[in-house]
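*Asks:* Need the 3D shape of this:
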Amino acid sequence: MMPRGYLLALVAAVLCFEAAAGDFNYGDAVDLSFLYLEAQRSGKLPADRRVKWRGDSGLKDGLAQGVNLVGGYYDAGDNVKFGLPMAFVTTILSWGAIDFKKEITDLNHMDNALKAIKWGTDYLIKAHPERNVLWAQVGDGASDHFCWQRPEDMSTPRTAYKLDESHPGSDLAGETAAALAAASIAFKSYNSSYSDLLLVHAKELFTFADTFRGLYDDSIPCAADFYSSSGYWDELLWAAAWLFRATGDEYYLKYTVDKAVSFGGTGWAMKEFSWDNKYAGVQVLLTKVLLEGRAAAYESTLKQYQAKADYFACACLQKNDGFNINKTPGGLMYVREWNNMQYASAAAFLMAVYSVYLSDANAKLTCPDGVFEPKELLNFAQSQADYILGKNPNSISYLIGYGSKFPQKLHHRGSSIDSIFTDPSPIGCVQGFDFWYHRPQGNPNVLHGALVGGPDKNDRFDDDRSEYEQTEPTLTACAPLLGLFSKLQSSVNGYRIPGSRGNPPPVKPEKESPNANAPVPVGAPVEFIHTITSTWMVSKDSYYRHQVKIKNTSGKPISDLKLRLENLSGPVWGLSPTQQKGIYELPPWLRLLQPGSECVFIYIQEGPQAKVTVSSYH
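*Replies:* Numbering: from 1, shown residues only. Have a look, this model is predicted:
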């Protein structure tokens, strides 16, 4: 029998959330952010896609080069698949799923998080068909930018560019290794075989990056005008740090120590963290090793890494003896003119992560201007998130779809042209500019969850399609928000189990359907999504914590939903047993499921998952 302590530690109930203390519902912002990632997908879209105005695209990517490069993400408002930002986005999504696993799981979004990561990693695996080969890019930015077309209509060349021993790219190969290593951690408890596969590719790519050194945009010059690399030392350290975290192999930790000085890991003090500059991320990752007491013989060097991590954090807090980040008058971190929001969101995410590492170690941040609690780092992260969501001089949400006021004229091809499902006629290159780009109206398709480039250094924002520095959304800006918003929803607003603040008013039942208790037909009104959220050993027995999301997909309210659970051998929370064996119902305060609403129940057992089906409903 399982000890009671294990059960109590893992008890969960139906999860519903509401804003309690903060000004914003960060959980809603998480929902939107996932939609943006789905809107940026290239390739064959799944049948259950939620962004209905998008269709399949790029289905012949790589065909001319004899390689399958279908899939992945478009990086911004264009239709090119750039490897460096895509790999960075995959790393950051994975980092959020690792360090904010509980928060994302409690928000019932781990399934979406893993799907978002896997859309990237499946493509990155395809892009690495041989040990020392990495396909770096599909499409050419110059020709693509001459056209204004939906992804589904692309008539521009889909040339693919690769790295190999004669054409190295340590920055891109290193970042891709980091992405796959981080993703292997994220998937480890959910899909161990896929996790192992990711790690095999990560190790090979790190060796490729380290053995054949060079800048990727020297090997692929057409990338330089869009994602020019400032160097590859940080990516090599970044990849090694993630491989150490994924494997525990001291070889990778020793690499970060041996190269600490020559690669600038302990020399460069940074005030930005981005797709191009990973130093602050490396420094925070390695500080975690130190704070956990795992430094051993490398303590002296890891303390130097920590000093640089502290420099970044102190600069964000404006406590760095004048060597601080720049801010707009309204309080937004300001790094540079083009798509500044990507730097603010990445910094906020990194500060949220570092606050957790310090807190877990009961440590504080020591700055030239004082000593600060970890909470102060999270406060900075929240200030940037709140600015994004509307607490700014313009009182506008820069996250599309959040709140009542947000930009309408995004610099984004797919969003700015009628969907192919509305107008299936192909849109030509010039036609797109003539009829859609220059239109004064807002975009016909709302790009939910997109984070635009944002205001200038004086908080001025021009909602104009031609102002691409301000109105173009990017994956690199969005990816940090998923972990950040999830953390803030937990720490600032908190989670509430429905009914915990007194008994809710009774729900008036709907009239009974005459066929309510008849056998449930194929195409039941709810969808079940199963996830294993935890696993542990008791003696020699393995136990699993199963989470099942129930979503009303019928388009109508459902009452008195009863479920049949077969092969259930352990305890269950979030459901109430009925007098019928194996039949369970939702709790009394959740007898009515509105269209599109979701709830969750939890059970714990050994072996395979239980079979869950609908027994009856009204």
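
*Asks:* Could you use CA atoms for every contact and neighbour count after this?
*Replies:* Fine.

*Asks:* how about the closest residue to residue 169 other than its chain neighbours, what does it touch?
*Replies:* Nearest residue to residue 169 in three dimensions, chain neighbours excluded: residue 216, at 3.6 Å (CA to CA, 6 or more residues apart in numbering). Contacts for residue 216 (CA atoms under 8 Å, 6 or more residues apart in numbering) come out as 163, 167, 168, 169, 170, 171, 172, 229.

*Asks:* what separates residue 252 from residue 306, distance-wise?
*Replies:* Between residue 252 and residue 306 the computed distance is 18 Å (CA to CA, to the nearest Å).

*Asks:* Look at these two and report which has more neighbours.
*Replies:* residue 306 (24 against 19; other CA atoms under 10 Å).

*Asks:* one step back: mind pulling the model confidence for the residue nearest to residue 169?
*Replies:* Residue 216 is assigned 98 on the pLDDT scale.

*Asks:* Okay, the residue most central in space within the chain and residue 469: tell me how far apart.
*Replies:* Geometric centre of the chain, nearest residue: residue 93, 3.4 Å, by CA atoms, centre = their mean. In this view, residue 93 and residue 469 are 24 Å apart by CA to CA.

*Asks:* Check residue 291 too.
*Replies:* Taken as CA to CA, the span from residue 291 to residue 469 is 39 Å.

*Asks:* Kindly export stretch 159-176 (C-alpha atoms) in CSV.
*Replies:* Extracted in CSV, the C-alpha atoms of stretch 159-176 (Å, rounded to 0.1, in the frame of the first residue of the first chain):
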residue,chain,number,x,y,z
THR,A,159,15.6,27.3,-50.9
ALA,A,160,17.1,25.4,-48.0
TYR,A,161,20.6,26.1,-46.6
LYS,A,162,22.7,23.8,-44.6
LEU,A,163,25.7,23.7,-42.3
ASP,A,164,28.4,21.0,-42.6
GLU,A,165,32.1,20.4,-41.9
SER,A,166,33.0,22.8,-44.7
HIS,A,167,30.4,25.4,-43.8
PRO,A,168,30.3,25.5,-40.0
GLY,A,169,27.9,27.3,-37.7
SER,A,170,28.8,26.8,-34.1
ASP,A,171,26.3,29.3,-32.9
LEU,A,172,23.3,27.7,-34.6
ALA,A,173,24.5,24.1,-34.0
GLY,A,174,25.2,25.0,-30.4
GLU,A,175,21.8,26.6,-29.9
THR,A,176,20.1,23.6,-31.5
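
*Asks:* Run through the stretch 401-550 of the chain and note the low-pLDDT ranges.
*Replies:* 494-523, 535-542 (pLDDT under 70).

*Asks:* how about the strands of it, start to end?
*Replies:* In the stretch 401-550 of the chain, strands defined by DSSP state E, counting those that start in this stretch lie at 526-538, 541-552, listed in chain order.

*Asks:* Mind putting these into JSON lines with distance to residue 455 and mean neighbour count?
*Replies:* Shown next, in JSON lines, are the strands of the stretch 401-550 of the chain (distance: least, CA to CA, whole Å; neighbours: other CA atoms under 10 Å):
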{"stretch": "strand 526-538", "distance to residue 455": "39", "mean neighbour count": "16"}
{"stretch": "strand 541-552", "distance to residue 455": "38", "mean neighbour count": "19"}
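
*Asks:* Now render these as a markdown table, adding distance to residue 378.
*Replies:* A markdown table is the format used below for those (distance: least, CA to CA, whole Å):
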| stretch | distance to residue 378 |
| --- | --- |
| strand 526-538 | 25 |
| strand 541-552 | 29 |
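
*Asks:* Nearest approach to residue 280 belongs to which of these?
*Replies:* Closest approach to residue 280 among the strands of the stretch 401-550 of the chain (CA to CA): strand 526-538, 30.0 Å.

*Asks:* Tell me where the stretch 251-400 of the chain has helices.
*Replies:* Along the stretch 251-400 of the chain, the segments classed as helices by DSSP state H, counting those that start in this stretch run 279-291, 299-316, 341-360, 374-389.

*Asks:* Output those as a markdown table; include the columns mean pLDDT and distance to residue 65.
*Replies:* A markdown table is the format used below for the helices of the stretch 251-400 of the chain (pLDDT from 0 to 100; distance: least, CA to CA, whole Å):
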| stretch | mean pLDDT | distance to residue 65 |
| --- | --- | --- |
| helix 279-291 | 98 | 35 |
| helix 299-316 | 98 | 43 |
| helix 341-360 | 98 | 33 |
| helix 374-389 | 98 | 42 |
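
*Asks:* Including distance to residue 30, could these go into TSV?
*Replies:* Formatted as TSV, the helices of the stretch 251-400 of the chain follow (distance: least, CA to CA, whole Å):
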stretch	distance to residue 30
helix 279-291	22
helix 299-316	24
helix 341-360	13
helix 374-389	12
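
*Asks:* now stretch 214-232, how far from the chain's geometric center?
*Replies:* On the basis of CA atoms, centre = their mean, to the nearest Å, stretch 214-232 sits 25 Å off its chain's mean C-alpha point.

*Asks:* Contact partners for residue 26?
*Replies:* Contacts here follow CA under 8 Å, 6+ apart; on that basis residue 26 touches 19, 485, 486, 488, 489.

*Asks:* okay but the fourth one is in contact with residue 380, surely?
*Replies:* Right, residue 488. No: in terms of CA atoms under 8 Å, residue 488 does not count as a neighbour of residue 380; the distance is 11.3 Å.

*Asks:* any idea how the protein splits into domains?
*Replies:* 26-492, 526-616 (the TED database).

*Asks:* right, so the ones you listed: which one is the most enclosed?
*Replies:* Comparing the domains of the chain by mean neighbour count (mean count of other CA atoms under 10 Å), domain 26-492 ranks first with a mean of 21.

*Asks:* okay, how far is it across it, tip to tip?
*Replies:* Domain 26-492 has an end-to-end distance of 9 Å (criterion: CA to CA).

*Asks:* Stretch 454-468: end-to-end distance?
*Replies:* Length of stretch 454-468, first residue to last, CA to CA: 10 Å.

*Asks:* about what we covered before: ok, the contacts of residue 26 vs residue 578, which is closest?
*Replies:* The shortest approach to residue 578 among the contacts of residue 26 belongs to residue 19, at 32.9 Å (CA to CA).

*Asks:* what helix or strand is residue 182 on?
*Replies:* Element membership of residue 182 [criterion: DSSP states H and E] is helix 170-187.

*Asks:* Oh, that last question was meant for residue 142, not what I typed.
*Replies:* helix 141-145.

*Asks:* Sheet-wise, list the partners of the helix or strand following that helix with their directions.
*Replies:* Next along the chain after helix 141-145, taking DSSP H and E as the criterion, comes strand 160-163. Taking DSSP bridges as the criterion, strand 160-163 sits next to strand 134-138 (antiparallel) in its sheet.

*Asks:* what distance separates the partner strand from the centre of its chain?
*Replies:* How far strand 134-138 lies from its chain's middle: 22 Å, per CA atoms, centre = their mean.

*Asks:* List the contacts of that strand.
*Replies:* For strand 134-138, contacts defined as CA under 8 Å, 6+ apart pick out 61-62, 69, 80-84, 127-128, 158-164, 172-173.

*Asks:* SS state for the closest residue to residue 613 other than its chain neighbours?
*Replies:* Spatial nearest neighbour of residue 613, chain neighbours left out: residue 564 (5.3 Å); criterion: CA to CA, 6+ apart. Here residue 564 takes the strand state, with states given by DSSP: H, G, I helix; E, B strand; the rest coil.

*Asks:* Might one say that residue 564 is in contact with residue 614?
*Replies:* Yes: counting by CA under 8 Å, residue 564 does reach residue 614; the two are 6.0 Å apart.

*Asks:* check contacts around residue 525.
*Replies:* Contacts of residue 525 (CA under 8 Å, 6+ apart): 552, 553, 554, 558.

*Asks:* And residue 37, by the same measure?
*Replies:* 116, 475, 478 are the contacts of residue 37 under CA under 8 Å, 6+ apart.

*Asks:* Quick check: the gap between it and residue 473.
*Replies:* Using CA to CA, one gets 11 Å for the distance from residue 37 to residue 473.
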